[in-house]
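**Student:** Fold the stuff below for me.
(one chain, ligands or ions: 1)
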Amino acid sequence: MFNLILFGPPGSGKGTQSEKIIERFGLKHISTGDLLRLEKAAKTELGLEAAKYMDNGKLVPDEVMIGIISSVMDANPSIPGFLFDGYPRTVAQAEAMDHLLELKGHSITRMIALTVREDELVRRLLMRGQVSERPDDRNTEVISARINEYHKKTKAVADYYAKADKVVYLDGEGSIEEIFERITKEIDSCTEKQFNGGSTKT
Ligand code: AMP
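**Tutor:** Okay, here's the model as predicted:
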């Protein structure tokens, strides 16, 4: 399996690039933000509970997220690999996912971390707020809270995977195509290593 985490702060382009990656590489896209928004729109118990956090730019509690990721992985037993977008966002989530993959004899292949300057993140989120249905992109306080949560809880997830030598940082600024080309090169070099019996464990 080829299991990729696309990582970065809110507004770093994970959603946009994920769509292009799944089209090119045939991975199963798991966006926890999208899954939560679906639950919220359907007014399920989970969605209503999650909305309390999402609407304030806070992270939904780990136990809820770990339950979601576990059921999505169970529902997709035979696929070439997952593309995780917006998960894991805490070290506890990363440990839980690693454990789930390990039970199935797999692991995370690579984390691609997109780097974008903070003023550019805010600019992109506000721009998206003008065209999307997302209330959390329209309010500067909620945007700051989301970036704050990233610094407080999420950034450490990259250090966690760096210890296993699985992280590459790529410049997340430039045109969508330029960024996609950087990502594609990285995925190609990982898959080559996999097929040539290199060090990248599946
Ligand atoms: P996103 O679409 O990835 O920006 O996520 C939107 C919101 O959903 C976040 O601000 C969080 O409130 C919540 N969320 C999405 N993924 C996670 C996660 N892995 N852990 C906790 N909260 C999450």
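
**Student:** and the residue of the chain at minimum distance from the ligand, what pLDDT?
**Tutor:** Going by CB to the nearest ligand atom, the ligand is nearest to residue 33 of the chain, at 2.0 Å. Where you see a C-beta, it was placed from the backbone N, CA and C, and this is true even at glycine. pLDDT, residue 33: 97.

**Student:** Can you tell me, leaving aside adjacent residues, what's nearest to it?
**Tutor:** Sequence neighbours aside, residue 86 is the residue nearest to residue 33 in space, at 4.6 Å (criterion: CB to CB, 6 or more residues apart in numbering).

**Student:** which parts of this protein sit against the ligand?
**Tutor:** Proximity of the chain to the ligand, by CB under 6 Å from any ligand atom, involves residues 10, 32-33, 36, 53-54, 57-60, 65, 86-87, 89, 93, 146.

**Student:** Can you select the buried ones among these for me in PyMOL?
**Tutor:** A single PyMOL command selects the buried members of these (16 or more other CB atoms under 10 Å):
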select buried, resi 10+32+33+36+54+57+59+60+65+86+87+89+93+146
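
**Student:** Nearest to residue 191, out of the residues of the chain next to the ligand: which one, please.
**Tutor:** Here the nearest of those to residue 191, counting by CB to CB, is residue 87; it sits at 21.9 Å.

**Student:** Show the backbone phi and psi for that closest one.
**Tutor:** Main-chain torsions, residue 87, degrees, to the nearest 10: phi -140, psi 140.

**Student:** Mean confidence (pLDDT) on the lengthiest helix in the chain, please.
**Tutor:** Ranked by residue count under DSSP state H, the longest helix found in the chain is helix 176-195. Average pLDDT, helix 176-195: 91.

**Student:** Would you mark the buried spots in that helix?
**Tutor:** For helix 176-195, using 16+ other CB under 10 Å, the buried residues are 179-180, 182-183, 187, 190-191, 194.

**Student:** I'd like these as JSON lines, with distance to residue 25 appended.
**Tutor:** Formatted as JSON lines, the buried residues of helix 176-195 follow (distance: CB to CB, whole Å):
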{"residue": "179", "distance to residue 25": "15"}
{"residue": "180", "distance to residue 25": "11"}
{"residue": "182", "distance to residue 25": "15"}
{"residue": "183", "distance to residue 25": "10"}
{"residue": "187", "distance to residue 25": "6"}
{"residue": "190", "distance to residue 25": "10"}
{"residue": "191", "distance to residue 25": "8"}
{"residue": "194", "distance to residue 25": "12"}
